[in-house]
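>>> structure for this input, please:
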Amino acid sequence: MSASPDVAVRIPLPTEDQEVATLRRAVVAKLAYAIGKDPIVASEHDWFMATALTVRDRIVDAWFPSTRAIYNEKRKRVYYLSLEFLIGRLLYDSLHALGLVDPMRKALAELGVDLEALRELEPDAALGNGGLGRLAACFMESMATVGVAAYGYGIRYDHGMFRQKIKDGWQSEVPENWLASGNPWEFERPEVLYHIGFGGSVEAKEQPDGGLKHNWLPGETVEAVAYDTPMVGWRGRTVNTLRLWSARAPDPLKLDAFNRGDHIGALTSQSKAAVISQVLYPADDSPAGQELRLRQEYFFSSAALQDILHRHIRQHGELTNLHEHVAIQLNDTHPAIAIAEMMRLLVDMHGLEWKAAWDITVQTFSYTNHTLLPEALEHWAVPLMERMLPRHMQIIYLINALHLGELKAKGAIAENEVSIVSLIDESGPRQVRMGWLSFVGSHKVNGVSALHTDLMRKTVFSTLSRIYPDRIVNKTNGITFRRWLMEANPGLTQLMVDTVGPRVLDDVGVLSEFANFADDPAVQERFRAIRREHKQHLAQRIHQLVGVRVDPDALFDTQIKRIHEYKRQLLNILETVALYDAMRAQPTRNWVPRVKIFAGKAAASYHNAKLVIKLISDVAHVVNNDPTLRGLLKVVFLPNYNVSLAEAVIPASDLSEQISTAGMEASGTGNMKLALNGALTIGTLDGANVEIKDRVGDDNIFIFGLTAEEVEERRRSGFGTEQIVANSPMLQQVLDQVGSGAFSPDLPDLYRDLLNGLVLHDHFLVLGDFESYAARQRQVAERWRDPRAWWRSAILNSAHMGYFSSDRTIRDYAEDIWNIPVQPA
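Numbering: from 1, shown residues only. As a prediction, this is how the structure comes out:
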């Protein structure tokens with residue numbers, strides 16, 4: 001008997017036992033028919049691949065309806081262009097998003113397989129380096145979670161960022177072979193292929209109306225082939241797409257050369273093309289390295305724009321309404337060439353008039369600035385641009401001429417300001433300012449913390465900001481709480497659910513109610529026990545990685561981030577030496593046991609950063625082998641820092657080192673992850689530290705050092721380093737020890753130049769902030785001696801991190817920049 005058409009048929013949801021049985025059968029089927037293995041001979045990797053493919057099927061079941069809905073509703077899409085996407089491992093992340101962790105764990109257990117073992121087996125996707133790439137990954141997850149229709153575009157690096165090895169304290173780099181055993185999450189799209197040109201010449205042909213039509217004739221062409229990875233949002237309601245491009249030659253094998261016996265030469269074109277998608281951030285301290293970086297940036301930007309326009313025309317039929325349906329976000333200056341490429345495509349390939357094309361371009365693009373460091377605001381030599389991208393150089397010249405002409409006609413700039421706002425820097429060898437191109441070609445430019453945005457307006461973009469007063473806006477960075485709290489710290493998540501209710505899993509605004517339990521002894525004790533369990537696991541990991549045993553009851557003092565002079569790992573290790581000296585000199589004092597944890601990669605060609613890693617390793621060797629300390633101080637440098645290592649370190653950390661030179665860290669997101677997990681911050685008033693301080697309260701954070709304004713004043717007036725050292729016997733002793741080879745007896749002069757640089761020109765204020773930092777560290781120790789005060793502060797840190805959810809950040813972008821509705825919070 002059929003149901004009445006007016007009565008909804010209710011299909012019962014599967015029970016947990018049914019779900020477990022379904023997953024078990026699906027995994028076994030994948031093992032047999034996709035992997036080709038019998039369970040009795042299957043390896044752990046075979047089980048991982050079968051499990052991942054089973055989960056991917058569930059994601060696809062949500063991916064297709066999401067995509068259809070976007071097309072049917074003609075929703076505006078966001079296209080996020082980023083050279084990095086540090087997505088980490090996806091198995092557990094996807095299971096968690098779909099609510100399948102426990103059913104899959106039980107299904108695998110019935111097959112004699114451990115889910116946790118498979119989780120550890122998965123390689124980290126080597127698609128990023130640090131905060132820039134991790135932010136992009138958080139944004140992709142949050143865009144799916146809040147219902148923003150989005151594509152991410154980047155490069156499918158064969159090796160990505162290098163695998164870091166530490167031998168005798170020195171960093172060495174080896175390829176990261178993350179694709180060696182296959183990637184179960186991606187779909188190759190051989191039919192999605194675009195041709196990318198380089199070099200050659202430009203023809204200009206006069207048209208019947210007297211105008212000129214330009215035709216670029218590239219001297220070299222490579223193919224961009226798409227690989228799609230579905231990016232699932234929380235609870236699987238929306239699934240977006242991360243599309244990465246791999247480079248190959250149109251004619252990968254010159255058969256005539258091969259048959260002549262030139263077997264190597266026959267593959268030259270394929271090798272030259274494939275190198276584009278081999279490695280993230282190849283060293284650019286040589287002309288060849290600079291050329292490769294430019295080729296990478298244009299390669300993925302051009303492929304992305306061709307794909308965007310193809311999709312838009314297929315759906316909407318014409319390009320004059322592009323900005324109504326498309327928002328393109330540039331994640332830093334790496335994809336800035338996309339602005340000139342958009343103009344080339346609209347004008348040269350699709351026949352739009354220049355003014356119409358420029359209006360569409362500006363209304364479509366927006367640009368996120370991530371740094372005020374000159375070397376990170378990319379500049380490309382004009383001769384290199386003219387040789388590699390001759391048509392784009394013409395377009396940039398014309399954009400610049402019209403831009404300057406319009407400003408002068410309006411009286412918006414004085415004659416002496418022309419060189420300041422020009423897209424071409426002519427103060428030395430002529431260079432294209434890619435940050436300026438991004439600014440002029442976008443309708444909105446955002447900083448990533450309140451302080452950073454303010455400094456953008458006052459410093460690097462001050463004149464442009466005066467001319468375009470509404471263009472710069474702030475969008476403080478955020479992190480996805482699903483990965484960095486719920487997955488990384490399930491015990492703390494359960495504590496929050498037990499105290500404030502399950503709503504906290506879907507509404508981070510509820511997290512603030514956790515503050516009501518800050519003085520509850522039972523909650524404090526549970527929080528402490530959860531932390532200690534993570535510290536025990538991390539202690540085991542530390543011993544496995546570096547062979548050092550650490551005490552889980554000690555204070556875990558953590559600095560995990562890219563190694564750079566402005567991030568001041570050097571300040572941290574110098575203060576560690578001072579602490580070591582004090583512990584030896586005063587052995588009867590009530591010292592707080594402390595484990596100093598460092599991790600991070602130095603750029604392959606960054607000598608001073610590598611030297612800092614060596615110093616940390618040398619200090620660790622001496623400190624960890626000194627029996628007089630009785631284990632009170634340990635120092636470890638954990639190699640090959642990545643997302644998975646961060647997931648182990650962050651929930652186990654008691655103190656978060658956010659000690660960059662004030663005014664130089666745009667935002668930071670590690671500070672947010674650590675504070676969310678209850679670590680107390682010691683830091684400068686830099687980046688998002690300022691906003692964290694405002695939310696957690698002065699009593700629950702350890703702020704020290706010069707402000708951004710004081711840093712600039714010190715640089716203008718002189719550093720006074722000799723007087724600083726003379727006034728600090730502690731600092732003098734540390735510099736003498738390190739400089740004389742106390743930690744490097746086989747190479748006593750190894751650190752002399754590094755330290756002389758501090759004394760002669762303390763650009764990053766390592767010496768200028770040393771005494772303030774050391775004093776704050778003693779206050780940290782005093783707080784640690786008062787467990788109730790410490791865990792009260794820890795709870796308040798976690799409770800007040802709701803603002804730093806990337807869901808909030810994405811909603812801000814959607815409302816103020818992209819003009820896109822989102823699901824309510």
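
>>> buried residues, the lowest-mean-pLDDT helix or strand in the chain. List them.
Sorting the helices and strands of the chain by mean pLDDT, DSSP states H and E puts helix 255-259 at the bottom, at a mean of 73. Neighbour-count burial for helix 255-259 flags Ala257 (criterion: 16 or more other Cβ atoms under 10 Å). In short, each C-beta sits where N, CA and C put it, glycine included.

>>> check which element follows it along the chain.
helix 268-274 (DSSP states H and E).

>>> my read: Glu386 touches His392, true?
No. In this structure, Glu386 is not within contact of His392 by Cβ atoms under 8 Å, at 9.3 Å.

>>> what separation is there between the nearest residue to Asp581 once chain neighbours are set aside and Pro39?
Residue nearest to Asp581 in three dimensions, not counting chain neighbours: Gln733, with 6.2 Å by Cβ to Cβ, 6 or more residues apart in numbering. To Pro39, Gln733 is 64 Å away according to Cβ to Cβ, to the nearest Å.

>>> list the contacts of stretch 15-24.
14, 54, 100, 102-104, 106-108, 110-111 (Cβ atoms under 8 Å, 6 or more residues apart in numbering).

>>> just the C-alphas of it, formatted as PDB.
The C-alpha coordinates for stretch 15-24 follow below in PDB (Å, rounded to 0.1, in the frame of the first residue of the first chain):
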ATOM      1  CA  THR A  15      21.500   2.700  14.300                       C
ATOM      2  CA  GLU A  16      25.100   2.900  15.400                       C
ATOM      3  CA  ASP A  17      25.500  -0.900  15.000                       C
ATOM      4  CA  GLN A  18      24.100  -0.600  11.500                       C
ATOM      5  CA  GLU A  19      26.500   2.300  10.700                       C
ATOM      6  CA  VAL A  20      29.500   0.200  12.000                       C
ATOM      7  CA  ALA A  21      28.500  -2.800   9.900                       C
ATOM      8  CA  THR A  22      28.100  -0.600   6.800                       C
ATOM      9  CA  LEU A  23      31.500   1.000   7.300                       C
ATOM     10  CA  ARG A  24      33.100  -2.400   7.900                       C
END
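
>>> how about the helix or strand hosting Ala781: buried residues?
Ala781 belongs to helix 770-784 when assigned by DSSP H and E. Within helix 770-784, the residues that count as buried by 16+ other Cβ under 10 Å are 770-771, 773-774, 776-777, 780-781, 783-784.

>>> surely Met672 is in contact with Ile692?
Yes. Under the criterion of Cβ under 8 Å, Met672 makes contact with Ile692 at 7.2 Å.

>>> so which of the contacts of stretch 15-24 wins on neighbours?
Met104 (27 neighbours; other Cβ atoms under 10 Å).

>>> give me every residue that touches it.
23, 51, 55, 95, 115.

>>> ditto for Tyr80
Tyr80 sits in contact with 136, 139-140, 143, 150-153, 329, 331, where contact means Cβ under 8 Å, 6+ apart.

>>> same deal with Gly447?
369, 453-456, 472-475, 666.

>>> identify the bridge partners of it.
For Gly447, the beta-bridge partners are Asn474 (DSSP bridges).

>>> re the thing from before, need the buried residues of helix 770-784 in CSV (columns: pLDDT and distance to Glu657).
What follows is the buried residues of helix 770-784, written out as CSV (pLDDT from 0 to 100; distance: Cβ to Cβ, whole Å):
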residue, pLDDT, distance to Glu657
Phe770, 98, 14
Glu771, 98, 17
Tyr773, 98, 10
Ala774, 98, 13
Arg776, 98, 11
Gln777, 98, 10
Val780, 98, 10
Ala781, 98, 15
Arg783, 98, 15
Trp784, 98, 15
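
>>> coming back round to it: which one (most neighbours) among the contacts of Tyr80?
Phe139 (30 neighbours).

>>> could you look up the SS state of the residue nearest to Asp581?
helix (DSSP: H, G, I helix; E, B strand; the rest coil).

>>> need the pLDDT of it.
Looking at Gln733, its pLDDT reads 98.

>>> any idea how far it lies from Glu771?
13 Å.

>>> for this structure, which spans come out with low pLDDT?
Within the chain, the segments meeting pLDDT under 70 span 1-13, 253, 255, 262-263, 266-267, 374-375, 825.

>>> still on that earlier bit, may I have the next helix or strand after the helix holding Ala781 as CSV, with CA atoms only?
Counting by DSSP H and E, the next helix or strand C-terminal to helix 770-784 is helix 787-799. The C-alpha coordinates for helix 787-799 follow below in CSV (Å, rounded to 0.1, in the frame of the first residue of the first chain):
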residue,chain,number,x,y,z
PRO,A,787,48.4,26.1,40.8
ARG,A,788,45.0,27.7,41.5
ALA,A,789,46.0,31.0,40.0
TRP,A,790,47.7,29.3,37.0
TRP,A,791,44.7,27.0,36.1
ARG,A,792,42.3,29.9,36.7
SER,A,793,44.2,31.9,34.0
ALA,A,794,44.3,28.8,31.8
ILE,A,795,40.5,28.4,31.9
LEU,A,796,40.0,32.1,31.2
ASN,A,797,42.3,32.0,28.2
SER,A,798,40.3,29.1,26.7
ALA,A,799,37.0,30.8,27.5
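
>>> immediately after helix 787-799, which helix or strand?
helix 806-813.

>>> which residues are contacting that next one?
With Cβ under 8 Å, 6+ apart, helix 806-813 has contacts from 78, 135, 138-139, 141-143, 145-146, 148, 329, 446, 475-481, 508, 802, 822, 825.

>>> now the buried members of those.
Using 16+ other Cβ under 10 Å, the buried ones in the contacts of helix 806-813 are 78, 135, 138-139, 141-143, 145-146, 148, 329, 446, 475-481, 508, 802, 822.

>>> which of the residues in the helix or strand hosting Ala26 are buried?
Assessed by DSSP H and E, Ala26 sits inside helix 16-33. Across helix 16-33, burial judged by 16+ other Cβ under 10 Å covers 19-21, 23-24, 26-28, 30-31.

>>> redo those as JSON lines? Include distance to Met231.
Output for the buried residues of helix 16-33, formatted as JSON lines (distance: Cβ to Cβ, whole Å):
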{"residue": "Glu19", "distance to Met231": "23"}
{"residue": "Val20", "distance to Met231": "26"}
{"residue": "Ala21", "distance to Met231": "29"}
{"residue": "Leu23", "distance to Met231": "22"}
{"residue": "Arg24", "distance to Met231": "27"}
{"residue": "Ala26", "distance to Met231": "22"}
{"residue": "Val27", "distance to Met231": "23"}
{"residue": "Val28", "distance to Met231": "27"}
{"residue": "Lys30", "distance to Met231": "21"}
{"residue": "Leu31", "distance to Met231": "26"}
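
>>> so which of the residues you listed comes closest to Lys272?
For the buried residues of helix 16-33, the residue nearest Lys272 by Cβ to Cβ is Lys30; the value is 37.9 Å.
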